[in-house]
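Colleague: Starting from these lines, generate the structure:
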Amino acid sequence: MGSHPRGDPRQPARRAVILLRSLLFDAIAYTLMGVMGLVLAPAAAVSSRAALWGIKLWCGIVLWLLRRLCGLRVEVRGRVPQGDVLVAAKHQSFLDVIILSRVLPRPQFVMKQSLKWVPVLGFYAMRIGCTPIRREDQARALRGMLREVKGRRQAGTQTVIYPQGTRAAVGARLPYRPGAAALYRAFELECVPVATNAGHFWARMSLYRRPGMAVVEFLDPIPPGLEPRPFMAELERRIEAASDRLLAEAGTGSPPTR
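Modeller: Alright, predicted model coming up:
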């Protein structure tokens, strides 16, 4: 009784409701980003802690709005890392950025250079010590990233990098880039892999915010000391296997990303 056959006339109506709720969510969330960003800017300009507080406040409101307006809940699994650590995360959606920003104590993201110039977002990202990098020349980008991260890192922060370098659509096979290995080796930090299925519910370039349970899962840490190749192989294996499992939980029917 609870399932509807393909072609059920109620399906287009349901999609329309989801779209309208999603558009309302976007309008409120991004308006709040602008208003809160401007109101808190004076404090954020003189205090990185105030900037981080503002980010976490906005992220918390956004997650509440997702639950209330879109029926999209969030679950965080595993042990949230504390202190100095490298976090290497699967990146499928803006949603996984929001979740990590909310739950990590002091995140500092490695991000693409163009985000530095995005109004509000770029200002706050720079205030909490995020590192913008150019991705055109890989060797130059790696050297610049290490230099910038070294200059911006503070004690007790979590350096967050997306090892595929960009958002990966659900089911897409994107290579793992050497940036995570470079940070892991240079700073001799343990690395916490992070898996997610967020892209199933908030897909890249999509207006839909689908109802369900989006999961971000912190996996067992990889201890420092591995050589780059075995480190990257183990990182990819863990992230992809766990992300495939989470996508299967969400019922995507998508092929494995490996």
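Colleague: which SSE is the most centrally placed residue in the chain in?
Modeller: Closest to where the C-alpha atoms of the chain average out (Cα atoms, centre = their mean) is V97, at 2.7 Å. Assigned by DSSP states H and E, V97 belongs to helix 94-103.
Colleague: Quick one: distance of that helix to the chain centre.
Modeller: 5 Å (Cα atoms, centre = their mean, to the nearest Å).
Colleague: Check stretch 23-41 too.
Modeller: On Cα atoms, centre = their mean, the centre of stretch 23-41 falls 19 Å from the chain's centre.
Colleague: With stretch 60-77 instead?
Modeller: Its chain's C-alpha centre and that of stretch 60-77 lie 15 Å apart, by Cα atoms, centre = their mean.
Colleague: Next, F109: secondary structure please.
Modeller: Put simply, F109 is strand when judged by DSSP: H, G, I helix; E, B strand; the rest coil.
Colleague: List the contacts of it.
Modeller: V97, A125, C130, T131, V160, I161 (Cβ atoms under 8 Å, 6 or more residues apart in numbering). C-betas here are computed from N, CA, C, even on glycine.
Colleague: Need the per-residue pLDDT for it.
Modeller: If you check F109, the pLDDT there is 96.
Colleague: residues of the helix or strand bottoming out on mean pLDDT in the chain that come out buried?
Modeller: When each helix and strand of the chain is scored by mean pLDDT, DSSP states H and E, helix 138-152 comes last, with a mean of 78. For helix 138-152, burial by neighbour count (16 or more other Cβ atoms under 10 Å) applies to A141, L142, G144, M145, L146, E148, V149, R152.
Colleague: Then stretch 39-50?
Modeller: Result for stretch 39-50 [16+ other Cβ under 10 Å]: buried residues L40, A41, A44, S48, A50.
Colleague: quick one: it to chain centroid distance?
Modeller: Here stretch 39-50 shows a centroid-to-chain-centroid distance of 23 Å under the convention Cα atoms, centre = their mean.
Colleague: again with stretch 44-56
Modeller: 19 Å.
Colleague: Could I get the contacts of F109 in JSON lines, plus columns for pLDDT and secondary structure?
Modeller: JSON lines is the format used below for the contacts of F109 (pLDDT from 0 to 100; DSSP: H, G, I helix; E, B strand; the rest coil):
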{"residue": "V97", "pLDDT": "98", "secondary structure": "helix"}
{"residue": "A125", "pLDDT": "97", "secondary structure": "helix"}
{"residue": "C130", "pLDDT": "94", "secondary structure": "coil"}
{"residue": "T131", "pLDDT": "90", "secondary structure": "strand"}
{"residue": "V160", "pLDDT": "97", "secondary structure": "strand"}
{"residue": "I161", "pLDDT": "96", "secondary structure": "strand"}
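Colleague: Noted, bye for now.
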